[in-house]
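Visitor: here's my sequence, what's the structure:
(chains A and B)
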Number of protein chains: 2
Amino acid sequence: MAVYTDVTDEALFAFLAGYDLGEVLSFKGIAEGVENSNYLLHCEGGYFILTLYEKRVNAEDLPFFLGLMEHLAEHSLSCPLPVRRRDGAALGTLAGRPAAVVTFLDGVSTRKPDAHHCAETGRALAQLHLAGKGFGLSRHNMLSIAHWPELFAASRARAEEVAPGLAGEIASELETLARLWPSDLPQGVIHADLFPDNVLFLGARLSGLIDFYFACNDALAYDLAICLNAWCFEPDGAFNATKGRALLHGYQSLRPLAPVERAALPVLARGAAMRFLLTRLYDWLNVPPGALVKPKNPLEYLARLRFHQTIDHAGEYGLEL
Amino acid sequence: MAVYTDVTDEALFAFLAGYDLGEVLSFKGIAEGVENSNYLLHCEGGYFILTLYEKRVNAEDLPFFLGLMEHLAEHSLSCPLPVRRRDGAALGTLAGRPAAVVTFLDGVSTRKPDAHHCAETGRALAQLHLAGKGFGLSRHNMLSIAHWPELFAASRARAEEVAPGLAGEIASELETLARLWPSDLPQGVIHADLFPDNVLFLGARLSGLIDFYFACNDALAYDLAICLNAWCFEPDGAFNATKGRALLHGYQSLRPLAPVERAALPVLARGAAMRFLLTRLYDWLNVPPGALVKPKNPLEYLARLRFHQTIDHAGEYGLEL
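Guide: Take a look at the predicted model:
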């Protein structure tokens, strides 16, 4: 969580001259986002987030991300709306980086979600999936099952440093997942990273979804499986079936799952745990010198993966059958 | 620039229950301040900065800092105003740290001050010195000339790593400063760190001063000498006499310097350069593992010190005699 690129007042004023936002009233770097530099910008025109896209973001993906937020906002999902410049573009250049201004959403993310938060998140995820229909662009999921073997290869040699037997366990699970992974699920735009930090609440009400920089096209139910992992486990590692039920019920209140999706949920949840296990393992083993971000422990996701391996059917997650 | 202490939504809500600020609308860690953790807090009652005081701040000093801001704001200086809790206290505890809420000031700090910014800053510094009269608390300057020998002792053995001859040059200058340092100057509350990042502007107008966490009692003209160092040198190291003149003229428009202060300005400027040279040298040599802050190069202040050694009288800084 850091600001990677420093923006001078001079550069900021020159950049904002392309927008109709009025005078700058304040400008603060915010400790948010591990991939980009984010500033909270207060202008006469309101409050905004100014994002500078750092190297880890592929500039070719930016029209997808910005276009998606615009499409979703137009379809009544509460999410940041990219502000267009006077010349109509949503993307500019600041301090040598691609940069965009989006509207600021009020709300506070919760660190200890309760069942109500899970239900609201399930509803919002379904709303996102429905609103995403008809969005004209698409983006390949660079972290889908097809990419897990190469991601694992990058950490395999050092996986034993993290836990004895880890390399063998992952290798075997990747084989199983490749064999069981469904190919007939309804596809669409998924958020792919809807963790509690990316959901804002005002009191009990969900006020918006943020951080669409992993969004891509994939199986919609896989997005729900990511949320099961991200929202429904307790700090001690236990699965909370009340939260699972709330999340799934909230989702199905807007978009009931098809039978193939219900049947696939346990394997999708295993895959989602694997995806976060692999990226966390890589980040854990590859902390750059002078890193500003403390990597998250990958073993949390190994425990989740092992839990999902014990699940026979989605009813055990709390899905109403 | 970082957030050192993580605050959960739960802990925040419990802390704010002691205040009359209404519902929390948003809460973002901001990349500001090298000593403390700062959050931008938006409540129904407005925008605030929530600060958690980290270990480097002495908790015994907090009543001085918070009381000073309150005193200065009551005397029409634009600075953050501590918000009192319902029980009347300005200081609480959050995440195990002393914590306070202060009002948020609009404005943007400038990275490339021009003469106008210097003039405004000079005026504001004089206003601070005048407004500080009558403040009931006092705080010893822990970075005054009396403390430079001990500060130097902590870096001396490794000073040569930074520049050959540095240890001898500092030792000799410390002797000279001890000999020349005036003891008859008007004293009062000084900001002691009024660098461009701590002065906010809205367009051309100075909108406020921030970061009072080095404030203490010392010679008022020493504060002005700090500003000469902080505001009037170009990135290439050259002293800009136009900016010097503007700063001094702005200051004197509200508080004309006494003859002893005018005479002392060159030695005070040398001392101010020494103070920042010593703290930067220490920080340069003692970067903690996993540091979030890149230390500033101490040699910038060695160059300034050498420049001030060539000054015979304050007229060379642009002081109208």
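
Visitor: touching stretch A:231-250 from outside, list them.
Guide: Contacts with stretch A:231-250, where a contact means C-beta atoms under 8 Å, 6 or more residues apart in numbering or on different chains, come from A:113-123, A:126, A:195-196, A:224, A:227-228, A:257, A:300, A:303-304, A:307, A:314, A:316-320. (C-beta placed from N, C-alpha, C; glycine too.)

Visitor: same deal with stretch A:13-28?
Guide: The contact list for stretch A:13-28 (C-beta under 8 Å, 6+ apart) reads A:7, A:9, A:12, A:39-46, A:48, A:50, A:83, A:85-87, A:92-94, A:99, A:101, B:30-32, B:40, B:104-108, B:200, B:202-203.

Visitor: next one: stretch A:81-95
Guide: Under C-beta under 8 Å, 6+ apart, the answer for stretch A:81-95 is A:5-8, A:11-12, A:15, A:18-21, A:48, A:50, A:52, A:62-63, A:66-67, A:69-70, A:73, A:98-103.

Visitor: filter those residues down to the ones in strands?
Guide: A:48, A:50, A:52, A:98, A:99, A:100, A:101, A:102, A:103 (DSSP state E).

Visitor: got a list of what the closest residue to residue A:219 other than its chain neighbours touches?
Guide: Distances taken as C-beta to C-beta, 6 or more residues apart in numbering or on different chains put residue A:185 closest to residue A:219, at 3.9 Å, once the chain neighbours are dropped. For residue A:185, the contact set (C-beta under 8 Å, 6+ apart) comprises A:219, A:220, A:221, A:222, A:258, A:260, A:261, A:264.

Visitor: how about those residues, which pair is most distant?
Guide: Based on C-beta to C-beta, the longest span within the contacts of residue A:185 runs between A:222 and A:258 and measures 13.4 Å.

Visitor: which one of those two has more residues nearby?
Guide: Ranked by neighbour count (other C-beta atoms under 10 Å in any protein chain shown), residue A:222 and residue A:258 place residue A:222 first, with 26 against 14.

Visitor: what does the stretch 1-150 of chain A have sitting close to chain B?
Guide: With the criterion set to C-beta under 8 Å from any C-beta of the partner chain, the stretch 1-150 of chain A comes near chain B through A:1-3, A:8-10, A:12, A:23-32, A:40, A:42, A:104-112.

Visitor: so which of those residues are in strands?
Guide: A:24, A:25, A:26, A:27, A:28, A:29, A:30, A:40, A:42.

Visitor: could you export those residues as JSON lines, including pLDDT and neighbour count?
Guide: As requested, these are exported to JSON lines (pLDDT from 0 to 100; neighbours: other C-beta atoms under 10 Å in any protein chain shown):
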{"residue": "A:24", "pLDDT": "95", "neighbour count": "20"}
{"residue": "A:25", "pLDDT": "96", "neighbour count": "19"}
{"residue": "A:26", "pLDDT": "95", "neighbour count": "21"}
{"residue": "A:27", "pLDDT": "94", "neighbour count": "20"}
{"residue": "A:28", "pLDDT": "91", "neighbour count": "20"}
{"residue": "A:29", "pLDDT": "91", "neighbour count": "22"}
{"residue": "A:30", "pLDDT": "90", "neighbour count": "23"}
{"residue": "A:40", "pLDDT": "94", "neighbour count": "20"}
{"residue": "A:42", "pLDDT": "95", "neighbour count": "22"}
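
Visitor: would you state the helices of the stretch 201-321 of chain A in chain order?
Guide: Under the criterion DSSP state H, counting those that start in this stretch, the stretch 201-321 of chain A contains helices at A:220-231, A:241-254, A:259-285, A:299-309.

Visitor: closest to residue B:152 out of those helices?
Guide: Of all the helices of the stretch 201-321 of chain A, helix A:259-285 comes closest under C-beta to C-beta, at 41.3 Å.

Visitor: and the angle for the closest one with helix A:220-231?
Guide: Put simply, helix A:259-285 runs at 50 degrees to helix A:220-231, going by axes from the mean of the first three to the mean of the last three C-alpha atoms, to 10 degrees.

Visitor: how far does helix A:259-285 sit from the chain's center?
Guide: Offset of helix A:259-285 from its chain centre (C-alpha atoms, centre = their mean, to the nearest Å): 13 Å.

Visitor: what sits against the spatially most central residue of chain A?
Guide: Closest residue to the average C-alpha location of chain A: residue A:193 at 1.8 Å, with C-alpha atoms, centre = their mean. By C-beta under 8 Å, 6+ apart, the contact set of residue A:193 is A:211, A:213, A:214, A:215, A:226.

Visitor: next one, pLDDT for it please.
Guide: We have a pLDDT of 97 for residue A:193.

Visitor: same thing with residue A:55?
Guide: 83.

Visitor: secondary structure class for it?
Guide: Assigned with DSSP: H, G, I helix; E, B strand; the rest coil, residue A:55 falls in the coil class.

Visitor: tell me the contacts of it?
Guide: If you count contacts by C-beta under 8 Å, 6+ apart, residue A:55 has none.

Visitor: circling back: the residue nearest to residue A:219 is in what secondary structure piece?
Guide: Using DSSP states H and E, residue A:185 sits within no helix or strand.

Visitor: neighbour-wise, which one of the ones in strands among the contacts of stretch A:81-95 leads?
Guide: residue A:101 (28 neighbours).

Visitor: what about the helices in the stretch 1-150 of chain A?
Guide: Listed in chain order, the helices of the stretch 1-150 of chain A (DSSP H, counting those that start in this stretch) span residues A:9-16, A:62-74, A:115-132, A:148-153.

Visitor: most tightly packed of those?
Guide: Of all these, helix A:115-132 carries the top mean neighbour count, a mean of 22, counting by mean count of other C-beta atoms under 10 Å in any protein chain shown.

Visitor: tell me the angle that one makes with helix A:241-254.
Guide: 30 degrees.

Visitor: ok, residue A:179 - how many residues close by?
Guide: By other C-beta under 10 Å, 8 other residues sit near residue A:179.

Visitor: also residue A:173?
Guide: 22.

Visitor: distance of it relative to chain B?
Guide: 32 Å (C-beta to the nearest C-beta, to the nearest Å).

Visitor: repeat for residue A:85
Guide: 20 Å.

Visitor: and if you look at residue A:268?
Guide: Counting by C-beta to the nearest C-beta - residue A:268 and chain B are separated by 29 Å.

Visitor: residues in contact with the residue lying closest to residue A:255 once chain neighbours are set aside?
Guide: Distances taken as C-beta to C-beta, 6+ apart place residue A:126 nearest to residue A:255, at 3.9 Å, with adjacent residues excluded. Residues in contact with residue A:126 (C-beta under 8 Å, 6+ apart) are A:250, A:251, A:252, A:253, A:254, A:255.
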